[in-house]
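Trainee: curious how this folds, go ahead:
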Amino acid sequence: MGLLTPLAVRIGALPWMPKLLPQVVWTDRRLQSLTGGRYSVLDIAGLPNLVLTVVGRKSGLPRSTPLLCVPYDGRWLVAGSYFGGPDMPVWVHNLRAAGEATVRVGRTSYDVTAREVTGDERAELWQVMLRTWPNFATYEKRTDRVIPVFELAPRT
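Mentor: Below is the predicted model:
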């Protein structure tokens, strides 16, 4: 965690944040472009993150999305929270369809197998995720949908 993490947590909990997501994504893409992929908005906030690249289920083209992640026992946990918005993020549908992806963490890329966790395991890992990003609890209250949690494990 970094110096700006508490501020990021406060901003992330604002009820109108889901409406600003397109602007946040645009800003993040510009920042990554300007820095050659070395920095993202999540880096500035001092939060662990990765770039998920998964093949689009309809287009067949690779799609990349920067995501907050939780490193966990040599793997990464990610949640399809979309700030608690009503719609499921597109990357979730693509990851469910593909079952595999590539993640870039810092300057290193890994081929990963994706597994959606459910039931008691999801509840346990959700608590792990809340320690990194407490706003996941806020997002859960904002939406009627179950926020999916994925475990991304490096392929060997």
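Trainee: any idea what sits nearest the residue nearest the centre of the chain, other than its immediate chain neighbours?
Mentor: Centroid-nearest residue in the chain: L67, 2.9 Å away (criterion: Cα atoms, centre = their mean). Of all residues not flanking L67 in the chain, V78 sits nearest, at 5.0 Å (Cβ to Cβ, 6 or more residues apart in numbering). C-beta here means a position set from N, CA and C on the backbone, and glycine is covered the same way.
Trainee: pLDDT value on the one you found, please?
Mentor: The confidence metric pLDDT takes the value 98 at V78.
Trainee: correct me, but it touches P66?
Mentor: No: using Cβ atoms under 8 Å, V78 makes no contact with P66, being 10.7 Å away.
Trainee: between these two, which is the more surrounded one?
Mentor: More crowded of V78 and P66, by other Cβ atoms under 10 Å: V78, with 26 against 21.
Trainee: can you verify the more buried one is assigned to a helix?
Mentor: No: V78 is assigned strand when assessed by DSSP: H, G, I helix; E, B strand; the rest coil, not a helix.
Trainee: check contacts around it.
Mentor: Contacts for V78 (Cβ atoms under 8 Å, 6 or more residues apart in numbering) come out as 50, 52, 67-70, 149-150, 152.
Trainee: please, which helix or strand holds Y139?
Mentor: Following DSSP states H and E, the helix or strand that holds Y139 is helix 135-142.
Trainee: hmm, who's touching that helix?
Mentor: 9, 12-13, 15, 18, 79, 81-85, 126, 129-130, 147.
Trainee: who does the longest strand belonging to the chain pair up with?
Mentor: Ranked by residue count, the top strand of the chain under DSSP state E comes out as strand 108-117. Sheet partners assigned to strand 108-117 using DSSP bridges are listed as strand 100-105 (antiparallel), strand 149-154 (antiparallel).
Trainee: the next helix or strand after that strand: which residues count as buried?
Mentor: Downstream of strand 108-117, the next assigned helix or strand under DSSP H and E is helix 119-132. The neighbour-count check on helix 119-132 (16 or more other Cβ atoms under 10 Å) flags 122, 125-126, 129, 132 as buried.
Trainee: name the helices or strands packed onto the one helix or strand the residue nearest to the centre of the chain maps to?
Mentor: Taking DSSP H and E as the definition, one finds L67 inside strand 62-68. On a contact count with 3 or more Cβ pairs under 8 Å, 6 or more residues apart in numbering; DSSP states H and E, strand 62-68 meets helix 41-44, strand 49-55, strand 75-79, helix 90-98.
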